[in-house]
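Predicted structure and sequence below. I'll ask about it afterward.
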Amino acid sequence: MKNVQWQKRSAAMLLGTVILAGSSGMLTQAEVADAASAKPKNTYEQNEVPQVISRMSPSVVGIIGKAAQGSGEVDDRYNLAHGTGVIWKSDGWIVTNAHVVDGLTGITVVTADGKSYKAKGVYSDPKSDIALVKINAKSLKPAKFAATAKHALVGETVVAIGTPISFSLRNSASVGVVSGLNRSVDGSYRLIQTDTAINPGNSGGPLVNLKGEVIGINSKKFAAVGIENMGFSIPAETVRYVVGHLLEYGEVIRAGLGLELEESWSAIVGLPSDDPLTVTKVLSEQAKQAGIQEDDVLYAINGKRIYSVVDINERLKPYMPGQQVQLLMQRDGDIVNVKLTLSQDGNGAASSSVGEAE
């Protein structure tokens, strides 16, 4: 028994010797004891995901309101719909999906600390599926939005936070990866694909990277038998573009080519294709004055190739009606350069309402 105790004391002395040998100075007995009793970090401390969720959750809100009723339905206080939002500005601006708030009345926003606020204004842009909700609040914690999602990597870990299925499940988190970038899926702009669980009610919530940046607003998912983990988020750069317009103008003022265009069959089905777009109708006076005709073929805008209508929408984000672009087109077999003054795109114009009825 004494021999065992001597061995324990020897081990402690040896540990102290090793520590001292690696130091330029003398260590106290207390420092040696602390080093001997030091424990490795636990899983929580090593894992970045819980920290990201902890930092982001105060910037995520639940949104609930009375859903529009069909004809003949009985008024029911339980006829509610809900979704998720993200705090954009500390003075009560909340970004969410247009489809979350469109048609809702008596909208209520509930913050992570359980406080409730009635919506005082709603500004919706269905084309992008982005909306802003204004509440009378101060000192909210805005989320940190990435400048762009273009630097995201396929396979990187991301977190979705939202209000799935039931409003009582606010601020639920799920973890996955970025599954794909630049997806064109039943929308006007490119989307981020993710396998993170996005359930009904998650719409409008953030897709967050491990830097704690919102890289997208969760918008939709494929839901059918045999389909799993296919969700889509609106990239941060599109969110910034739309929110900037909504805050400044109350709507999104889009520039358009003033043309009706037809995509190639390959582009429609998603095959790799270099096929251009064909003009099927000249809509604006500006396009007519530029000499554009039906059956002309469009290859590029300002020297950048385009293959789809989504490409055009992405290219025209920085422009306003009245500005000019250079089009590379083909007419009767000849390649021509056309300078076109952009018109205002009236499709999918934003709608706004203030002081919704409760």
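Good, I have the coordinates. Numbering: from 1, shown residues only.

Straight-line length of stretch 108-124, end to end?
Terminal residues of stretch 108-124 are spaced 16 Å apart (CA to CA, to the nearest Å).

what helices or strands is the longest strand seen in the chain leaning on?
If you go by DSSP state E, the chain has its longest strand at strand 172-183. Using 3 or more CB pairs under 8 Å, 6 or more residues apart in numbering; DSSP states H and E, the elements in contact with strand 172-183 are strand 157-162, strand 191-194. In this view, the C-beta of every residue, glycine as well, is placed from N, C-alpha and C.

Relative to residue 291, which of the ones you listed is closest?
With CB to CB as the criterion, residue 291 lies closest to strand 191-194 of the helices and strands packed on strand 172-183, at 35.3 Å.

helices or strands up against that closest one?
Strand 191-194 makes packing contacts with strand 172-183, strand 214-221, strand 231-235 when contacts are defined by 3+ CB pairs under 8 Å, 6+ apart.

where does the stretch 101-250 of the chain have low pLDDT?
Flagging of the stretch 101-250 of the chain using pLDDT under 70 yields the residue ranges 222-226.

what's near enough to touch the most centrally placed residue in the chain?
Nearest to the geometric centre of the chain sits residue 216, at 1.8 Å (CA atoms, centre = their mean). Contact partners of residue 216, counting by CB atoms under 8 Å, 6 or more residues apart in numbering, are 149, 191, 192, 194, 206, 207, 233, 234, 235, 236, 239.

Assign the first one to helix, strand or coil.
Pointing back at residue 149 there. Recorded secondary structure, residue 149: coil (DSSP: H, G, I helix; E, B strand; the rest coil).

Leaving out sequence neighbours, find the closest residue to it.
Leaving aside its chain neighbours, residue 149 sits nearest to residue 235 (3.8 Å; criterion: CB to CB, 6 or more residues apart in numbering).

and the one you found, how many residues sit next to it?
24 (other CB atoms under 10 Å).

what's the residue lying closest to the residue nearest to the centre of the chain once chain neighbours are set aside in contact with, if anything?
Distances taken as CB to CB, 6+ apart put residue 233 closest to residue 216, at 3.0 Å, once the chain neighbours are dropped. Taking CB under 8 Å, 6+ apart, we find residue 233 in contact with 191, 192, 194, 207, 215, 216, 217, 218, 219.

got it, and residue 273?
Residues near residue 273 by CB under 8 Å, 6+ apart: 264, 266, 267, 307.

Try it again at 10 Å.
For residue 273, the contact set (CB atoms under 10 Å, 6 or more residues apart in numbering) comprises 263, 264, 265, 266, 267, 307, 308.

any idea how far it is from residue 313?
Using CB to CB, to the nearest Å, one obtains 18 Å as the distance from residue 273 to residue 313.

Could you dump the helices and strands packed on strand 191-194 into CSV with distance to residue 93 added?
What follows is the helices and strands packed on strand 191-194, written out as CSV (distance: least, CB to CB, whole Å):
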stretch, distance to residue 93
strand 172-183, 23
strand 214-221, 14
strand 231-235, 17
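
In space, what's closest to residue 344 - neighbours in sequence excluded?
Taking CB to CB, 6+ apart, and ignoring the residues beside it in sequence, residue 344 has residue 321 as its nearest neighbour in space, at 4.0 Å.

quick one: the one you found and residue 192, what's the gap?
From residue 321 to residue 192 the distance is 29 Å (CB to CB).

neighbours of residue 214, just the number please.
Around residue 214 there are 26 residues (other CB under 10 Å).

tell me, how many neighbours does residue 164 end up with?
Per other CB under 10 Å, the neighbour tally for residue 164 reads 20.

what about it, is that helix, strand or coil?
Residue 164 - assigned by three-state DSSP - is coil.

Next, it: phi, psi?
The phi/psi pair for residue 164 (degrees, to the nearest 10) reads phi -70, psi 140.

before we move on, back to that, what's the closest of the contacts of residue 233 to residue 184?
Within the contacts of residue 233, the smallest distance to residue 184 is 7.4 Å, found for residue 191 (CB to CB).

Residue 278 versus that closest one, what's the distance?
Look at residue 191 and residue 278: by CB to CB, they are 25 Å apart.

can you give me how far stretch 152-161 is from the chain middle?
Distance of stretch 152-161 from its chain centroid, counting by CA atoms, centre = their mean, to the nearest Å, is 11 Å.

And that stretch, end to end?
End-to-end distance for stretch 152-161, by CA to CA: 18 Å.

Kindly report the same for stretch 149-158.
Span of stretch 149-158 from end to end, CA to CA: 12 Å.
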